[in-house]
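Engineer: Return a 3D structure for these sequence lines:
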Amino acid sequence: MNKILLVEDDAIIASGLVYALEQEGYAVTHSKSVAEAADVILNGEFELAILDMQLPDGTGFDVREKLKNSETGVIFLTVVDDEGNIVRAFEGGADDYITKPFRLRELLARVKRTLNAHSGTSDVLKIGDVSIDIEKGKAYKGDTLLELTALEYRLLLTFASNKGKMLTRSQILECIWDSAGNFVEDNTLTVYIKRLREKLGDAIKIETVRGIGYRVN
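Structural biologist: Residues are numbered from 1 along each chain as shown. Sure thing, here's the model as predicted:
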C-alpha cells in the first residue's frame, strides 16, 4: 500500500482528498502546516507528498526540503497558475503540479502516474487486446495503431483506468471533459461510445449498464 503525505490547511479540500485517496487504496497522512508535516516526516517515509503551495507557517517548498527520502514523488497544489512558482516547483524536485480548483479524477490520475514513475512501473495500460501508451498518447489494437480523436482517446483511457468498475455517465463525462473547457453533453457521450465501439471491434467489450452507465471488464 502506497503511503501518501497530504499537506493542506483547507479542511474541506483536505477531507475530500483524504477520502478519495483512501477509496483508491492509499494510506494517507494529513498535516495542516509545515510544522505538523515536519513531525510526521520524522517518524515515517512516504512514496508521494501532495503539498499545498501556501500554508499558514510557510510553503510547500519548506515541506519538500524536509522530506528524508529523495525518491518521494511530489505534487504541488496551487491556487495561482503562476509561471514563476511552477518553474521553481520543478527546479525544487516536483514531479507535477495542479491548479485549484481541480477535478478530483484528474488529481487521482496524476497521483497514479507519479507513483508509477517512481516505482518504475510501465506507463502502458492494457485492457483486452488493446494497449495504451500513456507517455506517447497512443493506443494499439494488437500491433495496429488506433486512429482515435482526442476525446475518444480520453474515453478509452477512462475505461482502461477503471477496469471492471461500473462508471455512471456523469463520472465518465467528468473524466473526458474537453481540455479546452468545452462541455461534453450527455447525448454526445452516446455518440462517442458508439464510435469507440466501432473502432475497437471485438478487442474490448464496453458493456451498457441500462439506465446507469457503462463497464469494461
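
Engineer: Secondary structure class of residue 44, three-state.
Structural biologist: coil (DSSP: H, G, I helix; E, B strand; the rest coil).

Engineer: element containing the residue nearest to residue 71 when sequence neighbours are not counted, please.
Structural biologist: Computed as Cβ to Cβ, 6 or more residues apart in numbering, the closest residue to residue 71 that is not its neighbour in sequence is residue 118, at 6.0 Å. Bear in mind the C-beta positions are built from the backbone N, C-alpha and C, glycine included. If you go by DSSP states H and E, residue 118 is part of helix 104-119.

Engineer: what's the offset of that helix from the middle of its chain?
Structural biologist: 5 Å (Cα atoms, centre = their mean, to the nearest Å).

Engineer: If we ignore the residues flanking it in sequence, what's nearest residue 78?
Structural biologist: That would be residue 53: by Cβ to Cβ, 6+ apart, it lies 4.1 Å from residue 78.

Engineer: Just give me the neighbour total for that neighbour.
Structural biologist: If you count neighbours by other Cβ atoms under 10 Å, residue 53 ends up with 21.

Engineer: same question, residue 92
Structural biologist: 13.

Engineer: Equivalent analysis for residue 201, please.
Structural biologist: Neighbours of residue 201 using other Cβ under 10 Å come to 9.

Engineer: so who does it touch?
Structural biologist: Neighbouring residues of residue 201 by Cβ atoms under 8 Å, 6 or more residues apart in numbering: residue 141.

Engineer: how much space between residue 194 and residue 10?
Structural biologist: If you measure residue 194 against residue 10 using Cβ to Cβ, to the nearest Å, the figure is 41 Å.

Engineer: Comparing these two, which shows the higher neighbour count?
Structural biologist: residue 10 (15 against 10).

Engineer: follow-up on the earlier one: surely the residue nearest to residue 78 touches residue 84?
Structural biologist: No. Using Cβ atoms under 8 Å, residue 53 is not in contact with residue 84, being 11.5 Å away.

Engineer: Who are the contact partners of the most centrally placed residue in the chain?
Structural biologist: When Cα atoms, centre = their mean is applied to the chain, the residue found nearest the centroid is residue 109 (1.4 Å). By Cβ under 8 Å, 6+ apart, residue 109 lies in contact with residue 161.

Engineer: ok, which stretches of the chain are helices?
Structural biologist: Using DSSP state H, the helices found in the chain span residues 11-23, 34-42, 60-66, 83-91, 104-119, 150-161, 169-175, 186-200.

Engineer: which residues sit against the first one?
Structural biologist: Okay, so that is helix 11-23. So helix 11-23 is contacted by 4, 6, 8, 28, 30, 32, 50, 100, 104, 107-108, 111 (Cβ under 8 Å, 6+ apart).

Engineer: Just flag the most distant two among these.
Structural biologist: 32 and 108 (21.6 Å; Cβ to Cβ).

Engineer: Let's see stretch 152-163 as CSV, backbone CA atoms only.
Structural biologist: This file holds the C-alpha atoms of stretch 152-163, laid out as CSV (Å, rounded to 0.1, in the frame of the first residue of the first chain):
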residue,chain,number,x,y,z
GLU,A,152,-12.2,9.0,-28.0
TYR,A,153,-8.7,8.5,-26.5
ARG,A,154,-9.7,10.1,-23.2
LEU,A,155,-12.8,7.9,-23.1
LEU,A,156,-10.7,4.7,-23.8
LEU,A,157,-8.2,5.8,-21.1
THR,A,158,-11.0,6.3,-18.6
PHE,A,159,-12.3,2.8,-19.2
ALA,A,160,-8.8,1.3,-19.0
SER,A,161,-8.1,3.1,-15.7
ASN,A,162,-11.3,1.8,-14.2
LYS,A,163,-11.3,-1.8,-15.5
